[in-house]
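Asker: What follows is a predicted protein model with its sequence.
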Amino acid sequence: MSGGVTSAASRRLAQRFLTHRLAVFGALVVVLLCAAALFAPVIAPHDPVELDTSLRFMAPFQRGTYPLGTDEIGRDTLSRLLFGGRVSLTVGLVAMLTTVLTGAAIGVVAGYLGGWVDALLMRFVDTMLCFPQVFLLLVIAAFVPPTLLSMSLIIGLTSWMEVSRIVRSEVQHLREQDFILAARALGASSGRIMFQELLPNTAAPILVAATLKVASAVLMESYISYLGYGVQPPLASWGNMLTNAQGYFDTVPWLAVLPGVLITLTVMGFNFLGDGLRDALDPRLTLNR
Amino acid sequence: MTETLPPTGWSRRAVIAGAGGLLLPTGLATPALAQQNADRIILGMTQEPVQYNPLLYVNAGTENVPEACLFDALWDMDDSGNFIPNLAVAVPSAENGGISGGGLVWKIVLKPGVTWSDGQPFTARDVEFTYQTIMNPGVAVRSRGGFDLIKSFRIVDDLHIEIELSRAFVPFLWAWQNMHIVPRHILAGEANINTAAFNTRPIGTGPFTLRSRTAGSHAIYERNPNYHRGPAKVRQFIHKIVPDQLVLYGQARTGEVDYMALAGVPNDRWEEAGRIADRDLLIMNSPNVQFIYFNCGKPMFADPKVRRALYVACEMQKSIDDVYFGTYQRTLSYLSPSHWAYNSALVDETPNPELAGRLLDEAGWTMGPDNVRAKNGEKLRFTMSTTAGNPSRQATQALFQQNWKRIGVEMEIRNMPASVVWGEYTTRSQFDTLLVAWDPTVGLDPDYTARSHSQQIPVKTGLGSNYTQYANPEVDRLLELGVTQTATADRKATYARIQEILLQEVPFAPQGATRQAHLKKKPLLGPKANSYVTDITWNVQDWGWA
């Protein structure tokens, strides 16, 4: 392929994406949140673990130095949200990538090769699905020392099964299509057919699943942190900020609302982004918005 | 399937509205449970008893409830710190001739006419069987303290017992108070008492009998009409389990439970709970003291100066005021300040970061360029663990972490689930430091042998609960002396000295004596704070409605 064709294709892709208003909004939100987390040390007005118990439970907008108030032991909420975003977004993104890569690879191989390979892989998926995810997480986490990366990988490696199922069924349907028959007739290897022909055509469902996985990974992190295998206090993550706030929900609601809003924004942002990407990438879809 | 569908012509909305209308009169609108029943008391707690055998349970506080409802001890402890007779006619003492031979010979007379709830008579054989079960190496009893000193156990007749001890042991009364009597006629034939059916379907001499138990939800007890101290005041006693503390608090406010006990009203809600019109807020002093445990077996903590430095650097009072909303009571020893043996001459040195810095300098830990102290190339850096998911403890840890950072000490929080952190991690002394709340081990006697004698380090000697691996010959000597002294003034002096040494050498740094606030309906009479026991149902037979 020549460079001209590629740039034309990506221009068309960008064009299709940019006309999708929600997608652009989603992308903006994601970029903003990631930038805020990335530049947390510069933006944050305080050290996120510095506490002053005489200033606890300060409401937002009361004092300039604590724009979003303080938590139950007097730590700056804004700083904790910014630094917590680093943890939550890292976990969300890394876990999502792990999920998608593992799930898609297994799904494509199982769907395309079929036969005993398919049977074996799908029984493995069944086995993994038999265990409740939180249980599985805790068992693995008990053996692996908790770091940000290990936690993200563990979450990813225990939640790829749905993706593999979706991809497999999509591939089973696609492999009978003419373009695959054509590729086979041209003598393309199985590897090439699976990863260069089939995989790009399953991008749409994978993207949708991926955006949803970001959200569930952010929440999953808070579960395992609550049970003692995740982010250790006093480090902040949106999940553990939410958990810590539950005891004060009726008296000091903003402590739960603020991380809650950020988790919602993240999930929404990624969903819209995924929606837009799917529409932009799907060659069969005609754009009508 | 089709017959459950609404007939054609009804809109979905109309069906839902109709169904809602039908549900209203059935009690969804008015909380039926909130109505008070004069024949029944509902006690709410956050933890569930699993072991109903009074010799085997480990979760005191929670499993004290079935124990108090179903069983009796020879004597109990009342709320003013006095032993009162229960299955025994009198509490043995030198004055009534119950204790003789320099504290070695104990004579116990049992109450006549007491029966088990299945109608069988209670006799001295049951007491002997209880003792034998406690000492049976195949039975996983929670403590053998005191019973291991029994040299001979003689049954004179059905109601008279004579016990001889190998050496005087003043807390022997506590040992019996702590162990309720189990029925010989049911358990003697059991091959393995640890797994006996009795442990879930118990028979006792207590004020109630167990009618039913729904795991994860509640247990229902019925009055024992033949109870030897007179029948209980209510027909039914329900022990309800609500795992979430806030939800339980909500139920106590609405009246769904009559009495909210363990884990008590959340610390930040005491003020609000105290203002509820028809409720009483009972402040319960508990025998538990919260400590920082230092593992003296690790080279870093072997020097008492380091431990003392870390202790004095902590803002202890502030941690109580700000994290526990002032609900804990500052203490400087392993005893609560209200305990008769508490050494009130102890002086609180915290917080004193200058002194802490000086002590660390003296101990050879000098400040490095990265603001972390080091000695021989090793940094003063360690972990602190406690149960994960406990916000107050996490906040306490965060405060201490900040206090220590200022004197050049780096602490990393590494919390774990309860079953992990209090398992071998604690009992095999694998931790650096712990944040933990514990009570004395022999009832409320000031004896602290199990937690501070050098022969009680489980990782070295295979028994005891001296998890800090603290060893001091002078403390050993005083602990051995204390359990043989009969005059209260002598004991007070001995334990005062022990507390003084412990505060100088700090194997465990005391933070505060924990307290709980319980919420009960005003007309419910009977529940009374008793700081000498972990059991809030210690007088459950007297509970009733005004």
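Answerer: Ah, there it is.

Asker: Low-confidence stretches in the chain?
Answerer: By default, I'm working from chain A. For chain A, the stretches with pLDDT under 70 are A:1-6, A:228, A:283-289.

Asker: The chain in question should be chain B.
Answerer: Filtered on pLDDT under 70, chain B yields the residue ranges B:1-35.

Asker: Around chain A, pick out the residues from it.
Answerer: B:245-246, B:266, B:268, B:318, B:321-323, B:387-389, B:391, B:394-395, B:397-399, B:401-402, B:412-417, B:420-421 (CB under 8 Å from any CB of the partner chain). From N, CA and C alone the C-beta is placed, and that goes for glycine too.

Asker: rerun at 6 Å
Answerer: Proximity of chain B to chain A (CB under 6 Å from any CB of the partner chain) is limited to residues B:322, B:388-389, B:391, B:394-395, B:398, B:413-417.

Asker: Just the ones of those in helices?
Answerer: Using DSSP state H, the subset of these located in helices is B:391, B:394-395, B:398.

Asker: Name the residues of whichever strand or helix holds residue B:270 that come out as buried.
Answerer: Element membership of residue B:270, judged by DSSP states H and E, is helix B:270-274. Judged by neighbour count using 16 or more other CB atoms under 10 Å in any protein chain shown, the buried positions of helix B:270-274 are B:270, B:273.

Asker: The helix or strand following it packs against which elements?
Answerer: Downstream of helix B:270-274, the next assigned helix or strand under DSSP H and E is strand B:279-294. Packing contacts for strand B:279-294, counted by 3 or more CB pairs under 6 Å, 6 or more residues apart in numbering or on different chains; DSSP states H and E, involve strand B:433-438, strand B:508-521.

Asker: Describe which strands the last one pairs with in its sheet and in which direction.
Answerer: Spelled out, it's strand B:508-521. strand B:259-260 (antiparallel), strand B:279-294 (antiparallel), strand B:329-330 (antiparallel) (DSSP bridges).

Asker: Follow the chain on from the last one and name the next helix or strand.
Answerer: Which is strand B:329-330. Of the helices and strands lying after strand B:329-330 in sequence (DSSP H and E), the nearest is helix B:353-362.

Asker: so after that next one, what's the next helix or strand?
Answerer: Past helix B:353-362, the next helix or strand by DSSP H and E is strand B:366-367.

Asker: What strands flank that following strand, and is each parallel or antiparallel?
Answerer: strand B:373-375 (antiparallel).

Asker: can you list contacts of the partner strand?
Answerer: Outside strand B:373-375, the residues that touch it by CB atoms under 6 Å, 6 or more residues apart in numbering or on different chains are B:360, B:364-365, B:367-368, B:380, B:408.

Asker: and whichever residue of chain B sits closest to chain A, how many neighbours does it have?
Answerer: Using CB to the nearest CB, the single residue of chain B nearest to chain A is residue B:388, 2.6 Å away. By other CB atoms under 10 Å in any protein chain shown, the residues close to residue B:388 number 24.

Asker: out of the contacts of strand B:373-375, who's nearest residue B:62?
Answerer: residue B:380 (38.9 Å; CB to CB).

Asker: close enough to count as contact, the closest one and residue B:409?
Answerer: Yes. Applying CB atoms under 6 Å as the test, residue B:380 and residue B:409 come out as touching, 4.9 Å apart.

Asker: Give the helix, strand or coil label for residue B:152.
Answerer: strand (DSSP: H, G, I helix; E, B strand; the rest coil).

Asker: just residue A:180 next, same as before
Answerer: Taking three-state DSSP, the label given to residue A:180 is helix.

Asker: separation between it and residue A:105?
Answerer: Distance from residue A:180 to residue A:105, counting by CB to CB, to the nearest Å: 18 Å.

Asker: which residues in the stretch 1-150 of chain B form helices?
Answerer: All helices of the stretch 1-150 of chain B, identified by DSSP state H, counting those that start in this stretch, fall at B:12-23, B:64-70, B:124-135.

Asker: and the residue positioned nearest the centre of chain A, what are its phi and psi?
Answerer: Central residue of chain A (CA atoms, centre = their mean): residue A:214, 1.9 Å from the mean position. Note on residue A:214: its backbone torsions stand at phi -60, psi -50 [degrees, to the nearest 10].
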